[in-house]
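Visitor: Sequence and predicted structure are below.
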2 protein chains.
Amino acid sequence: MARKLGRRGGNIVTIHDVARHVGVSPMTVSRVINGEKNVREETRAKVMASVEALNYSPNLAARSLATQDSARIGLLYSNPSVAFLSEFLLGILSESSQSGAQLLIESCEGPEGATVALEKMKAGGCDGVILSPPLSDSTRVAKILKDMNLPFVGVAMARPDTTVSCVTIDDFKAAKAMTRRLIELGHRRIAFIKGHPNAYASQIRYDGFLAAMAKSGLEVDDNFVGQGYFTYRSGFDAAERLLSHKDKPTAIFASNDDMAAGAVAAAHRIGLDVPDQVTVVGFDDTAMASSVWPELTTVRQPISDMAGLAVRLLLDQIRAYRMGKPFEAVREVRDFSLIERQSSAEIPEA
Amino acid sequence: MARKLGRRGGNIVTIHDVARHVGVSPMTVSRVINGEKNVREETRAKVMASVEALNYSPNLAARSLATQDSARIGLLYSNPSVAFLSEFLLGILSESSQSGAQLLIESCEGPEGATVALEKMKAGGCDGVILSPPLSDSTRVAKILKDMNLPFVGVAMARPDTTVSCVTIDDFKAAKAMTRRLIELGHRRIAFIKGHPNAYASQIRYDGFLAAMAKSGLEVDDNFVGQGYFTYRSGFDAAERLLSHKDKPTAIFASNDDMAAGAVAAAHRIGLDVPDQVTVVGFDDTAMASSVWPELTTVRQPISDMAGLAVRLLLDQIRAYRMGKPFEAVREVRDFSLIERQSSAEIPEA
DNA sequence: TGCCAGATTGGTAGCGCTAACAATAAAAAG
DNA sequence: CTTTTTATTGTTAGCGCTACCAATCTGGCA
């Protein structure tokens, strides 16, 4: 029976080829590439060498067919920052392609649209769902999923909820750290622009700011707190107000990058140089942060990693669910980092 | 032999289940779901009904294993606009998950890094590569791939090259259309900010602008053409200069959104209202366009569709390549669209 | 020396699907 | 009415991999 050739682009190296090359059974090769124990070190080395030599890489389709643990995971996102989305997708993608998971992607507008999207996923045979913010913070979406009996993992969820699995950073700590950094730079009159009142993250970031200020014995003037809505425009407006006081703040901490960019524009409008006369910092490290000028000092979440981790967690949950194990929520907290760019500087000499 | 249960999340419906339910052979079901001919209409309907009733959806792993036409496709991107990337990924993702293609993703910095990344892909068993801009425009990357004998498809390639497959829009026409629109709005003194001189798109967009101007009998003053580099800062600087002439332009066409955003900031700085006193338009419809205020009128490419199409084209090419057919380059041109937001308006009454 | 536990390896079967061919039924041709 | 063609369906085998169990080989110990 003539074997079809040229398949897999000339890379038709299978586990059998490797096995033959080494002189062991395919099963042993399988064990080695899956890192199982109970393989003699010597054998393992030989196999590894052959894998390398033949440039073998396993056929994921075959593997997931054989292991039966291929899963379909749904990705629900809803108009997050686009920059966030791309990093998010990158993380999801590389992880899920490795684990051979199938992806179903749906976007939705708010929790209402979520119902429809989730029904669609369920119908499409989804085994679990990953939620991007701000959906991950929605109690409503969480409820829908629980009712559907679908495992899910939220990414960058600010809402504290021990019954839901998620991967996040500590928004409180992050805001606190950024504030501390501003204080370190000599700033005392620090203004804060809050995010959308509906978002959990808004409150938590604000709390972090307050905590850092309190710890340094600095008081927060009500005039130095602006209400924003996570949009450029709202940041612009809030900053304009904040900067109109006779005793201007020397630094503005906006609780996301869009608002920080708006704040920079407002400062420029008034004729204030950033950062020489006002420091402006943001949060999230979206594309915005490095597109505007000066580029924004901001807080960065390891989004790609977080998304990848979310996939792994979800697959674990799906596996557990299939084995009939009881559900156990996991909360993984990742480290954030402060990215210092050109929009922040030491306090100007008075 | 006890069958493992609970697999595929309770959605263990296989083609056999459907077959049994209908009372035909699995093969017939396979034919129906693959839309093959030579199936009686009546049978087809019955199968369809069962598929619906049982909520069957095929196991892609099994399918690609059986058809042997699973492919590994590489995705090479290099720091494009993040907004572009996410749309791009979305398109790639939904298409490739449907076709069961495996994805390998690599980013690289410029054509130098491309060599390394592509070697890695080749080693990883890639059967073909998709290039995002600006890599798609690089003759160097194209050469590397040709030398490697790897099929590839470029997305949003401005460079005219009939030996390379790509999916693009007509940058010339798009720039022309936007310019025409500005003229329609009554603008006569229209300034243009060029993109990075190394990018093909820059020249082509500029040509489109010139063509539209010429067609309307408008002359282009050298003072009304600024050199930018696709960055916010360069747009800011160029606009500042353009707006400093005593006979200011009433509209500025920046050849990407970042520069347009910079131009808006420059106008604001000078105290000019956008769009009441100056119209500013961009190109690309990146996140930037709808993040700043006023939101930018711009040219939009159907990136997601284009990326999806690129995947399909690439898979076709890989298939053709495997069957030993000669390579044939395809150039698919998609329609762009003009997105009118708040940064453009009719010419102010003098 | 003989026996057994544990370590290491191999054999078999089958995951869900479809290519290729075989078989049957229906239609067309002679 | 038989033969050929064509339309429709079924059968077999195998894609590449791994779960499961059987086989073999260690060495330790009585």
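Guide: Done, it's in. Numbers count the residues shown, from 1 in each chain, chains lettered A, B, ... in the order given.
Visitor: Show me where the stretch 151-300 of chain A has its helices.
Guide: For the stretch 151-300 of chain A, the helices defined by DSSP state H, counting those that start in this stretch cover A:171-184, A:200-215, A:232-242, A:257-270, A:287-291.
Visitor: so for the first one, what's the average pLDDT?
Guide: The average pLDDT within helix A:171-184 is 98.
Visitor: angle of that helix against helix A:200-215?
Guide: 40 degrees (axes from the mean of the first three to the mean of the last three CA atoms, to 10 degrees).
Visitor: in the stretch 201-350 of chain A, what spans have low per-residue confidence?
Guide: Counting by pLDDT under 70, the stretch 201-350 of chain A shows low-confidence ranges at A:349-350.
Visitor: For DNA strand C, give me its nearest residue in it.
Guide: residue A:322 (12.2 Å; CB to the nearest atom of the strand). Using the backbone N, CA and C atoms, a C-beta is placed for each residue, glycine as well.
Visitor: mind listing what residue A:235 touches?
Guide: For residue A:235, the contacting residues are A:193, A:228, A:254, A:258-263, A:266, by CB atoms under 8 Å, 6 or more residues apart in numbering or on different chains.
Visitor: Find the nearest non-adjacent residue to residue A:199, please.
Guide: residue A:134 (6.2 Å; CB to CB, 6 or more residues apart in numbering or on different chains).
Visitor: give me every residue that touches residue A:308.
Guide: Contacts of residue A:308 (CB under 8 Å, 6+ apart): A:91-92, A:94-95.
Visitor: before we move on, the earlier item: JSON lines for the helices of the stretch 151-300 of chain A, including distance to DNA strand D?
Guide: Listed next are these as JSON lines, based on distance: least, CB to the nearest atom of the strand, whole Å:
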{"stretch": "helix A:171-184", "distance to DNA strand D": "39"}
{"stretch": "helix A:200-215", "distance to DNA strand D": "40"}
{"stretch": "helix A:232-242", "distance to DNA strand D": "49"}
{"stretch": "helix A:257-270", "distance to DNA strand D": "43"}
{"stretch": "helix A:287-291", "distance to DNA strand D": "38"}
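Visitor: Measure how buried residue A:40 is and give me the count.
Guide: Neighbour count for residue A:40, taken as other CB atoms under 10 Å in any protein chain shown: 9.
Visitor: Next up, phi/psi of it, please.
Guide: Dihedral angles of residue A:40 (phi, psi; degrees, to the nearest 10) stand at phi -60, psi 140.
Visitor: tell me the pLDDT at it?
Guide: 92.
Visitor: ok so, going back, from DNA strand D, how far off is the residue of the stretch 201-350 of chain A closest to DNA strand C?
Guide: 13 Å (CB to the nearest atom of the strand, to the nearest Å).
Visitor: Mind jotting down where the helices sit in the stretch 1-150 of chain A?
Guide: A:15-22, A:26-33, A:41-54, A:60-67, A:82-99, A:110-123, A:139-148.
Visitor: of all those helices, which lies closest to chain B?
Guide: helix A:82-99 (3.4 Å; CB to the nearest CB).
Visitor: can you give me the angle the closest one makes with helix B:82-99?
Guide: Using the same axes, to 10 degrees: helix A:82-99 against helix B:82-99 is 30 degrees.
Visitor: got the angle between helix A:82-99 and helix A:257-270?
Guide: If you take the same axes, to 10 degrees, helix A:82-99 sits at 150 degrees to helix A:257-270.
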